[in-house]
Each structure stands twice: as C-alpha cells, then as structure tokens.
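**Q** Here is my input, please return the structure:
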Amino acid sequence: MAKKSKIQTPDWILKGVEPPKTKKKGKLFKIRKCPKCGKDVEVSIGEVGVWKCTSCKWKGRTPKEEELDEEEFMKYLDSKGEEVA
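**A** The predicted structure is shown next:
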C-alpha cells in the first residue's frame, strides 16, 4: 500500500497573515472575454478547447476570465438583451 502524502499547510497560515479575500460575495459567475478586444467569445465548433471572438476574429485557448457577483451578472445579461426569469 502506497504511503499517503501529508497535506501542506498554506503559506498564509505559516506566516500568520490573514487569508486572501475576494471583494465579491455570494455566488460568483465566470464570463470569458477576448484578450485582444475585450468582447464576448464563444466556443469554436469542431475544435476542442478553442474559443473565438466574433468581433476581431481572435482564436485561441486562453480567453480572459472575469468573475461577476449575482447583481453584476444580471446587469451583464440585461445589457446583452438576454431574458432573465
């Protein structure tokens, strides 16, 4: 039977500082944006793990991720014209 490794104590505990905090509270939503122009990206059909921007034609695997709290996400959907139940 293989020996299990021990869990590492996080550095912030060892140093005696406060844990890193996020400014946003509640449920968080992630949206992906084009790293080139900042517009929304969509999945490229037929290519695994590839995203594309319809505005500037950027194509790649690493879109910029943005975290929004629930209120910001609802405003984002409203601005896109999405129907919110």
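**Q** next helix or strand past the lowest-mean-pLDDT helix or strand in the chain?
**A** Among the helices and strands of the chain, helix 11-15 carries the lowest confidence by mean pLDDT, DSSP states H and E, at a mean of 76. With elements assigned by DSSP states H and E, the helix or strand that comes after helix 11-15 is strand 28-33.
**Q** Mind listing what's buried along that following strand?
**A** Applying a neighbour-count criterion of 16 or more other CB atoms under 10 Å, one finds Ile31, Arg32, Lys33 buried in strand 28-33. (Each C-beta comes from the backbone N, C-alpha and C, glycine too.)
**Q** Run through who's touching that strand.
**A** Where contact means CB atoms under 8 Å, 6 or more residues apart in numbering, the residues beyond strand 28-33 that reach it are 22, 39-41, 51, 63-70, 73, 76.
**Q** And for stretch 44-51?
**A** Contacts of stretch 44-51 with the rest of the structure, by CB under 8 Å, 6+ apart, involve Arg32, Val41, Glu42, Val43, Lys52, Lys59, Gly60, Arg61, Pro63.
**Q** from the residues you listed, which is closest to Lys80?
**A** Within the contacts of stretch 44-51, the smallest distance to Lys80 is 12.4 Å, found for Glu42 (CB to CB).
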